[in-house]
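In: Fold the stuff below for me.
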Amino acid sequence: MDKITVGIDCGSAACKGVLLRDQTVAAMCVKPTGWSPKETARTVLEDLMDQAKVSREEISVVATGYGRVGIDFADKAVTEITCHGLGAEYLFPGVRTVIDIGGQDSKVMSVENGKVVSFQMNDKCAAGTGRFLEMSAHRLGIDLSDFPSLLKPGKCCSLSSMCAVFADSEIISLLAAGKSREEIAGGIVQSMVARVMALAARIEIEPTVVLTGGLADLEGLKTALERQLKYSVEASPLSRFAGAIGAALKG
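Out: Numbering: from 1, shown residues only. Next comes the predicted model:
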């Protein structure tokens, strides 16, 4: 009989789910977390079961992410640090450094054989997170999905503030001073990278470096990280599901 496991990574912005059949991805789902992580996670689980045509009795469910404690229908809960290390190893065997940029925090992890040996986390300020990018896009008068279109090579201005609240005021001032949205968008990404680099300076960075989290498919961010780290940064369409994959592997 196939071993079927489900990992649900319930973050502040999005709830991601992955169903593994004999450790092969068989179904995926992502939904906005909304006001109730528990109910959103339940919806994600139902979607995965529908895709794979399995019942609850046939699967093991592992929850991770900030909302994991409230997902009482899961068989167990595991910290997201552990899950991102496992998920990154699954996607890129031999990974040594994981950069996870989520909705409300960012992490840099040193990994060996899928196990996190050290990490640094920014969870006290929105700067350098998906929430910061969302706030900035709104200030620029665009949807978050349109932000990548503003990133142009050579278009960048400096944002001096490392605080999300002050950075918002700075963006207003830059717009009033006539800076283009493209220049400001470039500056926003550089500001996010600066926050990640401050975390990276506290641990040993080694290749292979893998980007996970909801912003992993933002090409401009990946390029800016590579420029600062002096290493290639790997990402895949499954990178945002790394936490959920790691959780499923623990099932």
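
In: helices or strands up against the helix of greatest length in the chain?
Out: Longest helix in the chain by number of residues (criterion: DSSP state H): helix 181-200. Using 3 or more C-beta pairs under 8 Å, 6 or more residues apart in numbering; DSSP states H and E as the contact test, the elements touching helix 181-200 are strand 97-101, strand 106-112, strand 115-122, helix 130-139, helix 164-176, helix 219-229. Bear in mind the C-beta positions are built from the backbone N, C-alpha and C, glycine included.

In: neighbours around residue 32, how many?
Out: Neighbour count of residue 32, defined by other C-beta atoms under 10 Å: 9.

In: Look up how far residue 66 lies from it.
Out: Separation of residue 32 from residue 66 (C-beta to C-beta, to the nearest Å): 14 Å.

In: What ranges in this protein fall below the confidence cut-off?
Out: Applying pLDDT under 70 to the chain flags residues 1, 123-124, 127, 161-164.

In: who's in contact with the residue most central in space within it?
Out: By C-alpha atoms, centre = their mean, the chain has its centre lying nearest to residue 213, at 1.4 Å. Going by C-beta atoms under 8 Å, 6 or more residues apart in numbering, residue 213 touches 99, 100, 101, 102, 106, 130, 239, 240, 242.

In: Most neighbours out of the residues you listed, which is it?
Out: Within these, neighbour counts (other C-beta under 10 Å) peak at residue 242, which reaches 34 neighbours.

In: my guess is it meets residue 87, correct?
Out: Yes - using C-beta atoms under 8 Å, residue 242 is in contact with residue 87, at 3.3 Å.

In: Distance check, residue 198 against residue 142.
Out: Residue 198 is 27 Å from residue 142, by C-beta to C-beta.

In: same deal with residue 2?
Out: Applying C-beta to C-beta to residue 2 and residue 142 gives a distance of 44 Å.

In: For the two, indicate the residue with more neighbours.
Out: More crowded of residue 2 and residue 142, by other C-beta under 10 Å: residue 142, with 15 against 11.

In: I'd guess that one is in a helix, am I close?
Out: No - read with DSSP: H, G, I helix; E, B strand; the rest coil, residue 142 is coil and lies in no helix.

In: Distance check, it against residue 195.
Out: For residue 142 relative to residue 195 (C-beta to C-beta), the value is 22 Å.

In: Please apply the same query to residue 145.
Out: The gap separating residue 145 from residue 195 is 22 Å, by C-beta to C-beta.

In: So which of the two has more stuff around it?
Out: Neighbour count, other C-beta under 10 Å: between residue 145 and residue 195, residue 195 has more, with 20 against 8.

In: so that one makes contact with residue 126?
Out: No - using C-beta under 8 Å, residue 195 is not in contact with residue 126; the gap is 10.0 Å.

In: Against residue 125, how distant is residue 191?
Out: Here residue 191 is placed at a distance of 12 Å from residue 125 (C-beta to C-beta).
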